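In: I would like to see how this sequence folds:
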Amino acid sequence: MARPRAFDRDQVLQHAIRVFCDKGFAAASTEELMQAMGLSRQSMYNTFGDKRQLYLQAMAEYQSTGVDDLIERLGQGPTPLQGLHDTLNSFATRALREGTAGCMGVNAICEFGQEDEEINQLTAHSAERLRRAFEQTLRCAQEQGELVPGTDLPAACDFLMATLSGMKIAGKGGASVEQLANIAGFAVRALGAKA
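Out: Predicted structure coming up:
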C-alpha cells in the first residue's frame, strides 16, 4: 500500500508557480523548485513528473486561476463597462503584487516564443477564454448604450488583450499602481465609451 502524501499538492504547486514567475523555466533549477516546494526530488518527480511536466502543470494552474478571476470580475460591475474598468484596475493591483516576478504567461511567451507547441496551446486556450469574455462584456455594453454604435468589437478585444499584456510588462518593469490604474482607465475611455 502506498503511503499517503504528507503535503498539499495545490499549495506546493503555488510555490513552484512563484519560482517559475520569478525565474522562468530555464533559469529555475530543480533544486530551487524542490526547496521552494519543500519536497524531495523523489516526491517532486512522483507527484509532478520532471521539471517540464511541473512547469506545464504550473502554467495550466496559473493561467486557469488568473483567467477565472478576471472573467468573474468582469461580471461583477453595475454596468458592463464599469465591470471592465474594475477588472482592469484589479489587474493593475495584481500586476503590482506580482512585481518584478511578472506574469508566467508573458514570461513564457518571451522565453519560448512560438517554439513550444504545448505552451502555445496553454496560452492560446487562456487567451481565447479571456477574449470571449471581453467580447461578451463589450457586446453587452454596446447593447446597453455604453459604447458608441459601430464599435469594432474584435478590434476592441485585441486592444484589451494588448493592454493586459502591456500592464503585466509595465508591472514587471516597476510601474506604480497609480500608473497601472491610469492605463486601465485610459483603456476604457479609449474604447469610445459614451460620457
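In: Residue 132 and residue 165, how far apart?
Out: Look at residue 132 and residue 165: by Cβ to Cβ, to the nearest Å, they are 17 Å apart. No exception for glycine: its C-beta is placed from N, CA and C like everyone else's.
In: Which one's more surrounded, those two?
Out: residue 165 (15 against 12; other Cβ atoms under 10 Å).
In: I figured that one was touching residue 106, is that so?
Out: Yes - under the criterion of Cβ atoms under 8 Å, residue 165 makes contact with residue 106 at 6.0 Å.
In: can you give me the helices for the protein?
Out: Per DSSP state H, the chain carries helices over the ranges 9-27, 30-37, 41-48, 51-74, 80-98, 104-112, 117-143, 153-172, 177-190.
In: Just the CA coordinates for the first one, please, in PDB.
Out: This means helix 9-27. Extracted in PDB, the C-alpha atoms of helix 9-27 (Å, rounded to 0.1, in the frame of the first residue of the first chain):
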ATOM      1  CA  ARG A   9      -0.400  19.300  -3.900                       C
ATOM      2  CA  ASP A  10      -2.100  22.600  -4.700                       C
ATOM      3  CA  GLN A  11      -0.100  24.500  -2.200                       C
ATOM      4  CA  VAL A  12       3.300  23.200  -3.300                       C
ATOM      5  CA  LEU A  13       2.200  23.900  -6.900                       C
ATOM      6  CA  GLN A  14       1.700  27.500  -5.900                       C
ATOM      7  CA  HIS A  15       5.300  27.600  -4.600                       C
ATOM      8  CA  ALA A  16       6.500  26.300  -8.000                       C
ATOM      9  CA  ILE A  17       4.500  28.900  -9.800                       C
ATOM     10  CA  ARG A  18       6.200  31.600  -7.800                       C
ATOM     11  CA  VAL A  19       9.700  30.200  -8.800                       C
ATOM     12  CA  PHE A  20       8.700  30.000 -12.400                       C
ATOM     13  CA  CYS A  21       7.200  33.500 -12.400                       C
ATOM     14  CA  ASP A  22      10.400  34.800 -10.900                       C
ATOM     15  CA  LYS A  23      13.000  32.800 -12.900                       C
ATOM     16  CA  GLY A  24      11.300  31.400 -16.000                       C
ATOM     17  CA  PHE A  25      11.700  27.800 -17.000                       C
ATOM     18  CA  ALA A  26      15.400  27.500 -18.000                       C
ATOM     19  CA  ALA A  27      16.800  29.600 -15.100                       C
END
